[in-house]
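S.K.: here is my input; please provide its structure:
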Amino acid sequence: MREVPCTQRRKADAHMSFLEVHRVKYVAHVNIQLRQSVLDPQGETVRSALASMGYGGVQKVRIGKRIRVELEAASMAECREIVDEISRRVLVNPNMETYEYEIREESGE
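M.R.: Next up is the predicted model:
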């Protein structure tokens with residue numbers, strides 16, 4: 001491994017500090033649902049329980065997941081790329097599930 005001269009490291013660190021200062025906090029909500037072709041026994045159990053409680057008008061219940069992800073990114077576009085990638089690679093089983101997400105800038109409250 002080649003040693004980077006100290007002055008080059010300081011320039012790189014200063015550049016990184018500049019980028020970090022201009023990063024924005026975002027909150028993403030990833031909604032994950034079973035594909036329509038996949039049976040949802042948990043959803044059917046809930047629908048059946050609702051019917052026995054007198055809610056006969058409930059025709060179908062599908063159970064899903066909602067995951068909150070807090071992150072920092074340089075732009076909304078970069079944030080979308082990150083959320084899409086982690087959804088595909090980590091959060092969702094693409095054989096059985098679909099997903100959509102909502103992203104908003106964190107207000108800092």
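S.K.: within the sheet, what are the partner strands of the helix or strand hosting residue 29, with directions?
M.R.: Per DSSP states H and E: residue 29 is located in strand 24-34. When pairing is defined by DSSP bridges, strand 24-34 lines up against strand 64-73 (antiparallel), strand 97-105 (antiparallel).
S.K.: C-alpha coordinates for stretch 54-73, CSV please?
M.R.: Extracted as CSV, the C-alpha positions of stretch 54-73 are listed here (Å, rounded to 0.1, in the frame of the first residue of the first chain):
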residue,chain,number,x,y,z
GLY,A,54,-69.1,-7.8,12.9
TYR,A,55,-66.9,-6.1,10.3
GLY,A,56,-68.3,-8.1,7.4
GLY,A,57,-67.6,-5.4,4.9
VAL,A,58,-63.9,-6.0,5.1
GLN,A,59,-63.1,-7.9,2.0
LYS,A,60,-59.3,-8.4,2.1
VAL,A,61,-56.5,-7.7,4.5
ARG,A,62,-52.8,-7.8,3.5
ILE,A,63,-50.1,-7.5,6.1
GLY,A,64,-47.0,-5.6,5.3
LYS,A,65,-44.0,-3.8,7.0
ARG,A,66,-43.2,-0.2,7.3
ILE,A,67,-39.5,0.6,8.0
ARG,A,68,-38.2,4.0,9.0
VAL,A,69,-34.7,4.8,7.8
GLU,A,70,-32.8,7.9,8.9
LEU,A,71,-29.9,8.9,6.8
GLU,A,72,-27.7,11.7,5.5
ALA,A,73,-27.1,12.4,1.8
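S.K.: list of residues touching that stretch?
M.R.: The contact list for stretch 54-73, computed with Cβ atoms under 8 Å, 6 or more residues apart in numbering, reads 23-34, 40, 42-44, 46-47, 50-51, 79, 82-83, 86, 91, 106. For glycine as for every other residue, the C-beta is placed from the backbone atoms N, C-alpha and C.
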